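**Student:** need a 3D model of the sequence below.
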Amino acid sequence: MKPTSLLKRSLYATTLVLLAGPLAAQELPGEGKNLKYARSDSLGANYVQDAIIIKALEEMGYDVDLSTISVAAFFQAAAQGDLHVSGDINMPQRAPAYEQVKDDVALVGEGTIIGGGTNGFVIDKATSEEHDITNVEQLKDPELAALFDTDGDGTANLVNCDPGWSCGDVVDFQLEEFGLGDTVESVRAKYEPLMGEVFTRAARGEPVFYYTWSPSWITDALVPGKDVVWLPIPYGALPEGVTAQGGHEVSGIEGCAGGQDPCRMVTGSWNWMIAANRDFLSENPAAEKLLETVRWPAETWSTWEGALNEGNSDRDIEKIAQTWIDENTDTFEGWIKEASAAGQ
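**Tutor:** Residues are numbered from 1 along each chain as shown. Reported below is the predicted structural model:
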């Protein structure tokens, strides 16, 4: 072969490499970038959501570091740029805390539960029907409240959220607002062990009283309308800075006490929101597009919660996430394609 031919081929190959470089970079908008992702310290289907989002970000080239941290701590770290993204911001409960950092942290998208979820007070169905308890305000009656006494002091014991969770602050506010301070004790400790005790009492046929949300692993284990009922509040009332944007009354709630429809819930509808550092978003339009796009039907969240009841280790969570990806490849790849295009 002539030397000139070798030279031409070499130049042609070099040209292809140079041309391919920018194209490859466009295909992977996160190439060479580190993304610090935080999940909350509250285990649930939100962990499955996070695993799917992280897999999508990695497919887009991002090197993702995952940490587990309280929402309050995330807000502060994200405002300072030490963390970038979290998908575990429950709104409207976290609205007061978000207001403190909104100049540096943005809420992205419309919420990752399509149509939103619900939350409220819950009692066992048998006690509700036997004593005609259809509103939480009725527990101002000491005799009715004593039905849910678990420590022998004559007052109802309400299993509430962890001490650091904003949902517990909303519940405590409403207990005082509705005049329940003398007959209902708010029990705030680690939620999962407390709910384990609730499950044990329910299995024995004893009365139970707790706060929870749906979709969740709780409503998968104790099913509203079958095992328990949602106990409506007497009227809308929330702490300063927390608003029920669509109102407290939610139609079509399965298992509302007394068959009420609509059912007046603690905050009305709620949702998991994605929050991210504003500077990160401005520098990463592809990631922002992905975070705006990802959403799942409530039925999918319920399926994940049911799977978590069978096992909730990190390996289990990864398996649940991968199963969803495998069964919804077109959706998953479509998200990545659309997001990557936004970064070009």
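
**Student:** now Ala237: phi and psi?
**Tutor:** The phi and psi torsions at Ala237 (degrees, to the nearest 10) take the values phi -160, psi 130.

**Student:** from Val136, how far out is the nearest residue in space to it that is not next to it in sequence?
**Tutor:** With Cβ to Cβ, 6 or more residues apart in numbering as the measure, Glu177 is the residue that lies nearest to Ala237, at 4.5 Å, once sequence neighbours are left out. For every residue, glycine as well, the C-beta is placed using N, CA and C. According to Cβ to Cβ, to the nearest Å, Glu177 stands 11 Å off from Val136.

**Student:** buried stuff in stretch 162-174?
**Tutor:** Using 16 or more other Cβ atoms under 10 Å as the test for burial, stretch 162-174 gives 162, 165-174.

**Student:** tell me the one of these nearest Arg278?
**Tutor:** Distances from the buried residues of stretch 162-174 to Arg278 were compared by Cβ to Cβ; the smallest belongs to Ser166, at 21.9 Å.

**Student:** what does stretch 150-164 contact?
**Tutor:** Stretch 150-164 is contacted from outside by 41-42, 70, 72, 121, 139, 142, 145-149, 167-168, 171-172, 175, 182-191, 194-195, 197-198, 201, 208-211, using Cβ atoms under 8 Å, 6 or more residues apart in numbering.

**Student:** how about the secondary structure of the residue nearest the centre of the chain?
**Tutor:** Within the chain, the residue whose C-alpha comes closest to the C-alpha centroid is Trp272; the distance, by Cα atoms, centre = their mean, is 4.0 Å. At Trp272, secondary structure determined by DSSP: H, G, I helix; E, B strand; the rest coil is strand.

**Student:** report pLDDT for it.
**Tutor:** The model reports Trp272 with a pLDDT of 96.

**Student:** so what's it closest to, chain neighbours aside?
**Tutor:** Leaving aside its sequence neighbours, Trp272 is closest to Thr112 (4.7 Å, by Cβ to Cβ, 6+ apart).

**Student:** who touches that neighbour in this structure?
**Tutor:** For Thr112, the set of contacting residues under the criterion of Cβ under 8 Å, 6+ apart consists of 49, 87, 271-274, 294-296.

**Student:** what's the closest of these to Gly255?
**Tutor:** Distance ranking of those against Gly255, using Cβ to Cβ, places Asn271 first at 20.3 Å.
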